[in-house]
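Peer 1: One predicted model, sequence on top.
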Amino acid sequence: MFNSIGDICAMMTGYFVASNVPVPITIAGGLLLDLFLLFWFRDSL
């Protein structure tokens, strides 16, 4: 149950940030996050 609540809170936070930040910064942030996950955890989209 706590995992689901955490997922919902993370989704709401991401939606809020993405709706208030310019599109190029949102795209760059997503790419940087994916690159971080790729190199640190060897996991990517």
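Peer 2: Good, I have the coordinates. Numbering: from 1, shown residues only.
Peer 1: any chance you could map the helices in the protein?
Peer 2: 2-20, 23-41 (DSSP state H).
Peer 1: got those as TSV, with mean pLDDT and mean neighbour count columns?
Peer 2: For glycine as for every other residue, the C-beta is placed from the backbone atoms N, C-alpha and C. Listed next are the helices of the chain as TSV, based on pLDDT from 0 to 100; neighbours: other Cβ atoms under 10 Å:
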stretch	mean pLDDT	mean neighbour count
helix 2-20	93	10
helix 23-41	91	11
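Peer 1: how close does Tyr15 get to Cys9?
Peer 2: 11 Å (Cβ to Cβ, to the nearest Å).
Peer 1: er, Pro22 I mean
Peer 2: Counting by Cβ to Cβ, the gap from Pro22 to Cys9 is 24 Å.
Peer 1: again with Asp34
Peer 2: Applying Cβ to Cβ to Asp34 and Cys9 gives a distance of 21 Å.
Peer 1: and what of Val17?
Peer 2: 12 Å.
Peer 1: Check Ala28 too.
Peer 2: Ala28 is 23 Å from Cys9, by Cβ to Cβ.
Peer 1: Contact partners for Ala18?
Peer 2: Thr26 (Cβ atoms under 8 Å, 6 or more residues apart in numbering).
Peer 1: Next one: Arg42, what pLDDT does it get?
Peer 2: At Arg42, the model reports a pLDDT of 77.
Peer 1: what number of residues lie near it?
Peer 2: 7 (other Cβ atoms under 10 Å).
Peer 1: Any figure for the gap between it and Phe36?
Peer 2: From Arg42 to Phe36 the distance is 11 Å (Cβ to Cβ).
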